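**Q** What follows is a predicted protein model with its sequence.
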Amino acid sequence: MKIVYMGTPDFATAPLKALIEGGHEILCVLTRADKPRGRGQEMSATPVALEAEKYGIPVMKPLKMKDPELLKKLRDFQADVFVVAAYGKLLPPELLSIPPFGCVNIHASLLPAYRGAAPVQWAILDGQKETGITTMQMDAGLDTGDILKQYRIPIAENETGGSLFDRLRDLGAKAILDTLSGLEAGSVTPVKQGETTTEYAKMLTREMGDIDWNEPALKTERLIRALNPWPGTYTGMNGKQLKIWRSHIDGGTGTGQPGEIVSAEDGRLLVSTGEGLLSVDELQMEGKKRMDAASFLRGNRLQTGNRFTKFKLR
């Protein structure tokens with residue numbers, strides 16, 4: 001098929017590559033404008049733009065999706081379908097109606113659950129046992145279009161936001177090839193979405209990673225996994241930021257105030273929460289390297305009764 005592809009982050013690179021290698025003709029790629037990145041804040045193209053450039057595919061970075069000149073260019077391509085993956089912009093009706101097969105979106109949840117910007121992480125935060133990819137026919141709403149196909153995967157008990165993101169990115173690549181094949185063959189029947197059963201999967205912020213030790217250990221453990229690697233979770237210790245990378249719920253019976261260390265012996269760091277104990281397994285002091293709890297305790301004098309606190313980002 002002849003395709004105009006729209007996407008921005010890493011999640012959208014694997015489907016683009018799969019379409020190219022699957023023999024589809026990518027006429028053009030639309031992506032977000034360059035942004036300053038890294039410590040030097042140098043202007044950098046999006047991951048999708050960089051991927052497209054490897055294959056010599058023209059890249060457009062429009063600021064307004066209703067721009068008449070943009071709409072004319074898109075019509076002139078005479079594409080069969082527009083494929084959209086985490087593009088980050090709402091598409092107006094006049095754009096959605098251009099290709100004969102419509103605009104097919106690759107969404108990282110089992111719609112209508114987890115409409116929104118961060119479905120991968122919110123599935124972990126809510127303790128879901130499975131998630132997946134939905135390919136849908138886009139309409140003017142936000143992730144409300146008719147479902148074309150769905151592809152399910154289980155969420156592992158130790159799943160992080162990063163590991164689930166990678167699995168869903170790869171699944172999205174397979175899903176779009178399968179969906180387009182079905183559309184071409186006429187074997188895919190769009191199905192209306194029902195009412196969503198979950199909260200909107202709002203965008204992640206760094207502030208979300210500030211651990212509230214009054215919350216139950218179960219909720220905190222999910223938070224640590226979901227926000228790994230970004231934006232990450234953290235707490236305060238003696239005025240410094242302490243990042244928490246891995247943890248697990250401990251079945252012990254020790255008690256203390258929320259955030260209080262109840263054990264820092266034998267390579268184990270146990271912290272009391274609003275309900276239950278949390279074992280902190282991997283952590284990182286501000287300005288230092290990540291290390292497991294045993295290595296951290298050898299170099300940092302933490303004692304029973306010390307307490308983690310809220311930490312205000314600077």
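**A** Perfect, thanks for sending it. Numbers count the residues shown, from 1 in each chain.

**Q** Low-confidence regions, the stretch 1-150 of the chain specifically.
**A** Within the stretch 1-150 of the chain, the stretches with pLDDT under 70 are 38-40.

**Q** Strands of that one, start to end?
**A** 2-7, 25-30, 35-37, 42-44, 59-60, 81-85, 103-107, 130-137, 146-154 (DSSP state E, counting those that start in this stretch).

**Q** and the closest residue to Ala14 other than its chain neighbours, what is it in contact with?
**A** Leaving aside its sequence neighbours, Ala14 sits nearest to Ala173 (Cβ to Cβ, 6 or more residues apart in numbering; 4.1 Å). C-beta: built from backbone N, CA, C; applies to glycine. Ala173 makes contact with Ala14, Pro15, Lys17, Ala18, according to Cβ atoms under 8 Å, 6 or more residues apart in numbering.

**Q** can I get the strands of the stretch 1-150 of the chain in TSV with mean neighbour count and distance to Leu269?
**A** TSV is the format used below for the strands of the stretch 1-150 of the chain (neighbours: other Cβ atoms under 10 Å; distance: least, Cβ to Cβ, whole Å):
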stretch	mean neighbour count	distance to Leu269
strand 2-7	25	41
strand 25-30	20	47
strand 35-37	11	34
strand 42-44	11	37
strand 59-60	16	48
strand 81-85	26	40
strand 103-107	24	38
strand 130-137	23	31
strand 146-154	17	30
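
**Q** Give me the buried positions along the biggest strand by length in the chain.
**A** The residue-count maximum for a strand in the chain (DSSP state E) belongs to strand 240-250. For strand 240-250, a neighbour-count test (16 or more other Cβ atoms under 10 Å) marks Gln241, Leu242, Lys243, Ile244, Trp245, Arg246, Ser247, Ile249, Asp250 as buried.

**Q** Going by contacts, tell me the helices and strands next to the helix or strand following that strand.
**A** Sequence-wise, the next helix or strand downstream of strand 240-250 (DSSP states H and E) is strand 261-263. Contact partners of strand 261-263 among helices and strands, from 3 or more Cβ pairs under 8 Å, 6 or more residues apart in numbering; DSSP states H and E: strand 270-272.

**Q** And the contacts of the strand it packs on?
**A** So strand 270-272 is contacted by 213, 250, 252, 254-264, 277-280, 308 (Cβ under 8 Å, 6+ apart).

**Q** State the mean pLDDT of that strand.
**A** Averaging pLDDT along strand 270-272 gives 96.

**Q** same check, this time on stretch 230-241
**A** Rounded mean pLDDT across stretch 230-241 is 95.

**Q** Restrict that stretch to CA atoms and write it as PDB.
**A** C-alpha atoms of stretch 230-241 as PDB (Å, rounded to 0.1, in the frame of the first residue of the first chain):
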ATOM      1  CA  TRP A 230      11.100   7.500  33.000                       C
ATOM      2  CA  PRO A 231      10.300   9.700  34.800                       C
ATOM      3  CA  GLY A 232      11.600   7.500  37.600                       C
ATOM      4  CA  THR A 233      10.700   7.400  41.300                       C
ATOM      5  CA  TYR A 234      12.500   9.100  44.100                       C
ATOM      6  CA  THR A 235      12.400  10.000  47.800                       C
ATOM      7  CA  GLY A 236      14.400  12.300  50.100                       C
ATOM      8  CA  MET A 237      17.200  11.400  52.500                       C
ATOM      9  CA  ASN A 238      19.100  14.000  54.500                       C
ATOM     10  CA  GLY A 239      18.100  16.700  51.900                       C
ATOM     11  CA  LYS A 240      19.300  14.700  48.900                       C
ATOM     12  CA  GLN A 241      17.300  12.900  46.200                       C
END
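
**Q** Thought Ser181 was touching Thr135, still the case?
**A** No: Thr135 lies out of contact with Ser181 (Cβ atoms under 8 Å); the separation is 11.3 Å.

**Q** isn't Leu180 right next to Val104, touching?
**A** Yes: assessed by Cβ under 8 Å, Leu180 is found in contact with Val104 at 7.2 Å.

**Q** Give the residues shared as contacts by the two.
**A** Going by Cβ under 8 Å, 6+ apart, residues that sit against Leu180 and also against Val104 are Val81, Val83.

**Q** And the buried ones among the contacts of strand 270-272, selectable in PyMOL?
**A** Buried residues within the contacts of strand 270-272, by 16+ other Cβ under 10 Å, are selected in PyMOL with:
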select buried, resi 213+250+256+258+259+260+261+262+263+264+277+278+279+280+308
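
**Q** Can you give me the distance of the nearest residue to Asp170 once chain neighbours are set aside to Leu223?
**A** What sits nearest to Asp170 in space, not counting adjacent residues and going by Cβ to Cβ, 6+ apart, is Ala14, at 5.7 Å. Distance of Ala14 to Leu223, computed by Cβ to Cβ, to the nearest Å: 27 Å.

**Q** How about Val262?
**A** 20 Å.

**Q** and if you look at Tyr5?
**A** 34 Å.

**Q** what's the burial count for the nearest residue to Glu215 once chain neighbours are set aside?
**A** Leaving aside its sequence neighbours, Glu215 sits nearest to Gly274 (Cβ to Cβ, 6+ apart; 5.4 Å). Neighbour count for Gly274, taken as other Cβ atoms under 10 Å: 15.
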